[in-house]
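Visitor: Sequence and predicted structure, then a few things I'm wondering about:
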Amino acid sequence: MALETPIAGEKRILASRYARTLYEQDFTGLDGQTHVFSIWGYTKGAAALIFPVTTDGNVVAIRQYRHGAHDFMLEMPGGLPSENENPGETAARELLEETGYQVGTLINLGVRPFPCAPSLDYSFGTFLGLGCQKIQEPAVDPREQVEIILIPLKTWFEKIWSGEVLDGQMISLSMLVLPHLADINFK
């Protein structure tokens, strides 16, 4: 039997805050039965994630408290666009704001739908940032607990394989950059 896309009904907004919207939506299958699903989405367009690598081959990572995980997570800089900002501009701005590092070369890896498909409705512009250099102190949001950590490339991937990096978005982004890092010495 061939699979067919269910028919999507209207979205009903349940809550909206900090550029995120929780909505529910009906989906009707070929059998005629309708089911309601709750979905999170962004209201400002695609977010951006950047995998920043310094001129000496370190990953600029962030250790940040995540309320949903009730723990600190190792992550890459990223966030939502400001008004009229394209994903590349968002990635570069978020890197600078969150870490104080400026990107040298920005490589666009495309728009990817990383989150959990059953309950999240948003995607990320993904980027590799090479030649990153610290030019200022970070401008950390007072609601966030953030620590900037420089991690050698090889060690970053070891942290993924050992289970220390738990965020699926960060693991996916890391796998996307691998082909572009072939000429970089993994120390």
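Guide: Arrived safely.

Visitor: I'd say residue 156 and residue 61 touch.
Guide: Yes: Residue 156 is within contact range of residue 61, at 6.9 Å (criterion: Cβ atoms under 8 Å). C-beta: built from backbone N, CA, C; applies to glycine.

Visitor: What residues of stretch 166-175 count as buried?
Guide: Residues 167, 169-170, 172-174 are the ones in stretch 166-175 that count as buried (16 or more other Cβ atoms under 10 Å).

Visitor: got it, and stretch 71-85?
Guide: 73-81, 85.

Visitor: and if you look at stretch 48-59?
Guide: For stretch 48-59, by 16+ other Cβ under 10 Å, it's 48-54, 57-59.

Visitor: can you check stretch 17-29 too?
Guide: 21, 23.

Visitor: Could I get the contacting residues of residue 120?
Guide: The neighbourhood of residue 120, defined by Cβ atoms under 8 Å, 6 or more residues apart in numbering, consists of 39-41.

Visitor: Need the pLDDT of it.
Guide: Per-residue confidence (pLDDT) for residue 120: 70.

Visitor: now swap in residue 78 and tell me
Guide: In this model, residue 78 carries a pLDDT of 92.

Visitor: May I have the beta-bridge partners of it?
Guide: For residue 78, the beta-bridge partners under DSSP bridges are residue 49.

Visitor: Would you agree it is in contact with residue 47?
Guide: Yes: between residue 78 and residue 47 there is a contact under Cβ under 8 Å: 6.0 Å.

Visitor: joint contacts of the two?
Guide: Common neighbours of residue 78 and residue 47 (Cβ under 8 Å, 6+ apart) are residue 124.

Visitor: Find the centremost residue of the protein, please.
Guide: Centroid-nearest residue in the chain: residue 49, 4.4 Å away (criterion: Cα atoms, centre = their mean).

Visitor: Next one: that one from residue 93, what distance?
Guide: According to Cβ to Cβ, to the nearest Å, residue 49 stands 13 Å off from residue 93.

Visitor: now residue 142
Guide: 18 Å.

Visitor: Neighbour count for the two, which is higher?
Guide: Per other Cβ atoms under 10 Å, whichever of residue 142 and residue 93 has more neighbours is residue 93, with 18 against 5.

Visitor: Let me know the helix or strand that the more buried one is in.
Guide: Using DSSP states H and E, residue 93 sits in helix 87-99.

Visitor: Could you list the paired strands of whichever helix or strand comes after that helix along with their orientation?
Guide: Using DSSP H and E, the helix or strand that follows helix 87-99 in sequence is strand 101-102. As defined by DSSP bridges, the strand partners of strand 101-102 come to strand 124-134 (antiparallel).

Visitor: Export the partner strand to PDB, keeping only CA atoms.
Guide: Output of strand 124-134 as PDB, limited to C-alpha atoms (Å, rounded to 0.1, in the frame of the first residue of the first chain):
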ATOM      1  CA  PHE A 124      17.800  26.000  10.500                       C
ATOM      2  CA  GLY A 125      20.100  27.800   8.100                       C
ATOM      3  CA  THR A 126      23.300  25.900   8.700                       C
ATOM      4  CA  PHE A 127      26.800  27.400   8.300                       C
ATOM      5  CA  LEU A 128      30.500  26.500   8.800                       C
ATOM      6  CA  GLY A 129      32.500  29.500  10.100                       C
ATOM      7  CA  LEU A 130      36.200  29.300   9.400                       C
ATOM      8  CA  GLY A 131      39.000  31.700  10.600                       C
ATOM      9  CA  CYS A 132      37.000  32.900  13.600                       C
ATOM     10  CA  GLN A 133      38.800  35.400  15.800                       C
ATOM     11  CA  LYS A 134      37.800  36.900  19.100                       C
END
